[in-house]
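1. sequence first, predicted model second:
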Amino acid sequence: MDECALIIACLLIGLSILRTRVFGIDVYPSHTLLQRSLTVFLAGLYLLIVGILAKLVTFLGGADSLPANPSSSSFRSFFLPSSWLRTAFGIACSCS
């Protein structure tokens, strides 16, 4: 019984506050706040998408199933030719 009276009293007080518009405050966010919020939202969305894609690649067989695997010999020979490594760093490369 006491709980019902307390809930009714809280509801009546809330209605009277809303009716008199005591808390009618206008909020105007700045452009900087909106831009930074959008930036944080887009960064979070990007990380979420990258995480989902990583889980999908892992589920489908891992990095070995990708066509441009950095450990594959075709990737190394295209992006890191052994002649370039020998001339640039003076080292021998075992890339085949």
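-> Great, that's in hand. The model shown is predicted, which means the values in this text are computed figures rather than measured ones. Residues are numbered from 1 along each chain as shown.
2. any stretches of this protein with poor pLDDT?
-> 23-25, 63-96 (pLDDT under 70).
3. need the helices for it, in chain order.
-> 2-20, 31-59, 73-79, 82-89 (DSSP state H).
4. let me have the ones you listed in TSV, adding mean neighbour count as columns.
-> (Each C-beta comes from the backbone N, C-alpha and C, glycine too.) TSV is the format used below for the helices of the chain (neighbours: other Cβ atoms under 10 Å):
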stretch	mean neighbour count
helix 2-20	9
helix 31-59	10
helix 73-79	12
helix 82-89	11
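5. relative to residue 13, how far out is residue 2?
-> Distance, residue 2 to residue 13, by Cβ to Cβ, to the nearest Å: 16 Å.
6. ok, residue 7 next?
-> Counting by Cβ to Cβ - residue 7 and residue 13 are separated by 11 Å.
7. cool, and residue 28?
-> Distance of residue 28 to residue 13, given as Cβ to Cβ: 29 Å.
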